[in-house]
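Asker: output the structure for:
(chains A and B)
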Protein chains: 2
Amino acid sequence: MSIQDAAREAKEAARKLAALDGKTKNRALEGIARRLTERKENIFAANQKDLERSRKEELAPPLIKRLTFNQGKLDEVTTGITSLIALDDPVGKKLRATELDEGLNLYQVACPIGVIGMIFESRPDALVQIASLCLKSGNGVLLKGGSEARETNRILADIIAEASVDAGCPAGWIQLLESREEVQEMLALDKLIDLIIPRGSNSFVQYIMKNSNIPVMGHADGICHVYIDAQADPDKAVPIVVDSKTQYVAVCNALETLLINRSIAPTLLPRLKEALEARNVELRGCDETVGIIDVEKADEKDWETEYLDYILSIKIVGSPQEAIDHIHRYGSGHTDAIVTEDVTAAEDFMNRVDTADVLWNCSTRFADGFRYGLGAEVGISTAKIHARGPVGMEGLMIYKWRLYGNGHIVDDYSTGKKHFIHRNINIQDTAK
Amino acid sequence: MSIQDAAREAKEAARKLAALDGKTKNRALEGIARRLTERKENIFAANQKDLERSRKEELAPPLIKRLTFNQGKLDEVTTGITSLIALDDPVGKKLRATELDEGLNLYQVACPIGVIGMIFESRPDALVQIASLCLKSGNGVLLKGGSEARETNRILADIIAEASVDAGCPAGWIQLLESREEVQEMLALDKLIDLIIPRGSNSFVQYIMKNSNIPVMGHADGICHVYIDAQADPDKAVPIVVDSKTQYVAVCNALETLLINRSIAPTLLPRLKEALEARNVELRGCDETVGIIDVEKADEKDWETEYLDYILSIKIVGSPQEAIDHIHRYGSGHTDAIVTEDVTAAEDFMNRVDTADVLWNCSTRFADGFRYGLGAEVGISTAKIHARGPVGMEGLMIYKWRLYGNGHIVDDYSTGKKHFIHRNINIQDTAK
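Answerer: Numbering: from 1, shown residues only, chains lettered A, B, ... in the order given. As a prediction, the model looks like this:
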């Protein structure tokens, strides 16, 4: 089947899925969890093939680890499915209701976006998580996983498709793509795919954003900042910087550039240097920083680099505004934090910084769907429309307007024979 | 000033505007309304120049009418500003709040999108409406109006800029662009402009959507359908079709294709023909239609045409599903209606049709921001992310996540020393 046919099939199925009741979707999710458990030996065997081939191809150890799908991963994904079942059906939820006139009632009602094109990394557990999120939210999905996980992805996608169709879902709502060339073709299908969610390297996501007319939800880079204010408590500042930088260096919400107020720099920088170097972090500082602590000199390129590594650039600034200006110039609008005991400075910083996640006195690593309590995370968006920051299931939803009349025509209102009331209807009072 | 400099200035000002309190913005809106009234003779004189030049250039009479800015238009825009002042400040509104752990509180807070690029038609009153919406919502704006309205647009933009800056708004938040070439340049400024809202012809909007990486909110075409079900009440069906088609033919929510159930066609089509021909509507029917009433034959091209004229294509279908399939194949996801007395059929149609506005027993012409009670309309979107259908001020808003901690680090949670609570905080209980 061509990718276009696959997308067309997903589109047609998605339209049926959008009208499916919550009970059937939950029954399908239960069936998926059950069948994954029943067929776990087949899944683990498929995963072994992927692991063996990848080891032979000398895939890096961290990638091998992510590729592994074992009992622990199975438990994680089935627990995830159970918590999805417990959630209310997001489809059909009334967001707003207005009586336009007697007998003419308007409802803004949540509905799925349609067909999601999801491009993800080697982790096969992500396939299960994404597919169940799409099912619960009534979206069709085209999944493109890493080729190193192809055997595992195939059996997982087959099980999900079978179990969901057995429970009454329309066939074709989930489609697995396997080759890199198919991604290229996907980007042109703007009539069939409604949203692309890419997860991968900075350059890959940027490529997708630049080469498709389909809306893309995600983030290319995460150049995150911590600004240590003049009024910072050093006992909070040091652990926050260490955690933001080193708790997990290879991720988008890790700290890349530390901004520090001139007045506190001489006392705090030596402490920070000691704590960070104990964690093997290489420091690169601006001219002023180099005058206080013995570190490498940073250049212009450092401010715009997402290291994703044990490297931190440091810049001394004269004021919160200078910190904000630096963030707007070099940041990626992902996550930026202030450390201060001055409430006014903190509020002002949080008001002024134009970023998806703005934090006060805590680590940048908190900017994450699970930690935010959003349930399963669809991704993190640095876009400024639709969804921003960590995105949960609501990022897969849009709404339609439903207007119920009884023969009403506009001419009666433009001639003045009738008049609009525009009375809000309390949506709590109306049944779903 | 180059367009890039103008956009950069707007971006910087927008960041200040985003942090401005509601009182200052309201004072600015009051100042704008007052100054427009004080300087009305200058505005009318500028408008006279535009009208005279356009008459000489033989601009079509409907365009001349739309270009006119007189006392009536002034009253309309000042009334619009007054109602905007009465609205709550949309910036800073808490959308969601969660206690992640003791002393670690997360807020999802509404904020402006940033810089809006608005391209609009000849109506100078639209400039005032759009600028005041952007100001109230804290967005910077690049405005590109029609060149036929240049004198009027200039004085209006000057008055708005002066009055708002006098009230405390940052200079540069509103920028007027004048040449067509500037639109071209705008489309490339994806680092400075966050959202483009084009209003204009189908091909123009399509061109913009295809030639920019900036998100575009709007609609290219509006191929709207009415489906008359077997169980329709003819006394509702006829006026609804007449109103949908003829109440204003040149607009996106006007009816273009009528779908009618086979069982009701023989009795209803002659009545429809009479009523529509009395309004000078030319009818084009499918083969079956032509067998019942004497009208021109429709071809494939008719189903995909937005006439924006006194022409209606008619197709007989065997079932609601066949109507839905036709709508999905040829429609533009704008506005589609069903006429029926069968509640189940109506609900099913409304669930299944994938369109921004789905209507039951009323005219397609109701799909409009003013009629929906949204206040000032930003535009109508057929996109499926961010905003759909008629879009009010909320279409100019996004949110940011604000996390308040007290030295919290992620390591404590991944080592199991601390645990997340994820308790919802009632946003009614928290001050803004």
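Asker: so residue A:154: helix, strand or coil?
Answerer: When classified by DSSP: H, G, I helix; E, B strand; the rest coil, residue A:154 comes out as helix.
Asker: so what's it closest to, chain neighbours aside?
Answerer: residue A:176 (6.6 Å; Cβ to Cβ, 6 or more residues apart in numbering or on different chains). For glycine as for every other residue, the C-beta is placed from the backbone atoms N, C-alpha and C.
Asker: please name the bridge partners of the one you found.
Answerer: Counting by DSSP bridges, residue A:176 forms beta bridges with residue A:143.
Asker: pick out the residue nearest the middle of chain A.
Answerer: Note on chain A: the residue nearest the mean C-alpha position is residue A:379, at 1.3 Å, using Cα atoms, centre = their mean.
Asker: pretty sure residue A:288 is touching residue A:262, no?
Answerer: Yes. Judged on Cβ atoms under 8 Å, residue A:288 makes contact with residue A:262 at a distance of 7.4 Å.
Asker: overlap in contacts of these two?
Answerer: Here residue A:288 and residue A:262 have residue A:316 as joint contacts, going by Cβ atoms under 8 Å, 6 or more residues apart in numbering or on different chains.
Asker: between these two, who's got more neighbours?
Answerer: residue A:288 (16 against 13; other Cβ atoms under 10 Å in any protein chain shown).
Asker: what pLDDT does that one get?
Answerer: Per-residue confidence at residue A:288 stands at 98 (pLDDT).
Asker: now residue A:374
Answerer: For residue A:374, the pLDDT comes out at 88.
Asker: and if you look at residue A:164?
Answerer: Note on residue A:164: pLDDT of 98.
Asker: kindly report the same for residue A:142.
Answerer: Reported pLDDT at residue A:142 in the predicted model: 96.
Asker: that one contacts residue A:9, doesn't it?
Answerer: No. The pair residue A:142 / residue A:9 is not scored as a contact, 9.9 Å apart, by Cβ under 8 Å.
Asker: between those two, which contacts overlap?
Answerer: Taking Cβ under 8 Å, 6+ apart as the contact rule, the neighbours common to residue A:142 and residue A:9 are residue A:175.
Asker: pLDDT of the strand or helix carrying residue A:43, averaged?
Answerer: Using DSSP states H and E, residue A:43 falls within helix A:40-56. Averaged over helix A:40-56, pLDDT sits at 97.
Asker: again with stretch A:333-344
Answerer: 97.
Asker: just checking, the residue nearest to the centre of chain A touches residue A:197?
Answerer: Yes. The pair residue A:379 and residue A:197 qualifies as a contact (Cβ under 8 Å) at a distance of 5.2 Å.
Asker: give me the common contacts of these two.
Answerer: Listed as contacting both residue A:379 and residue A:197 by Cβ under 8 Å, 6+ apart are A:217, A:218.
Asker: got the CA coordinates for stretch A:100-110 in PDB?
Answerer: Provided in PDB are the C-alpha atoms of stretch A:100-110 (Å, rounded to 0.1, in the frame of the first residue of the first chain):
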ATOM      1  CA  LEU A 100     -28.500  32.800  20.200                       C
ATOM      2  CA  ASP A 101     -32.300  33.200  20.200                       C
ATOM      3  CA  GLU A 102     -35.300  31.200  21.300                       C
ATOM      4  CA  GLY A 103     -34.800  27.700  19.900                       C
ATOM      5  CA  LEU A 104     -31.400  28.500  18.400                       C
ATOM      6  CA  ASN A 105     -28.700  27.100  20.500                       C
ATOM      7  CA  LEU A 106     -25.000  27.000  19.800                       C
ATOM      8  CA  TYR A 107     -22.500  24.600  21.300                       C
ATOM      9  CA  GLN A 108     -18.700  24.600  21.000                       C
ATOM     10  CA  VAL A 109     -17.900  20.900  21.300                       C
ATOM     11  CA  ALA A 110     -14.500  19.200  21.500                       C
END
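Asker: buried ones in that stretch?
Answerer: For stretch A:100-110, the neighbour count (16 or more other Cβ atoms under 10 Å in any protein chain shown) marks A:100, A:101, A:104, A:105, A:106, A:107, A:108, A:109, A:110 as buried.
Asker: please point out which parts of stretch A:396-408 sit buried.
Answerer: A:396, A:397, A:398, A:399, A:400, A:401, A:402, A:403, A:404, A:405, A:407, A:408.
Asker: identify the farthest-apart pair in those.
Answerer: A:396 and A:407 (36.3 Å; Cβ to Cβ).
Asker: for whichever residue of the stretch 251-400 of chain A sits closest to chain B, give me its contacts.
Answerer: Proximity of the stretch 251-400 of chain A to chain B (Cβ to the nearest Cβ) peaks at residue A:362, 2.7 Å away. Residue A:362 makes contacts with A:240, A:337, B:104, B:403, B:404, B:405, B:406, B:407, B:408, B:409, as judged by Cβ under 8 Å, 6+ apart.
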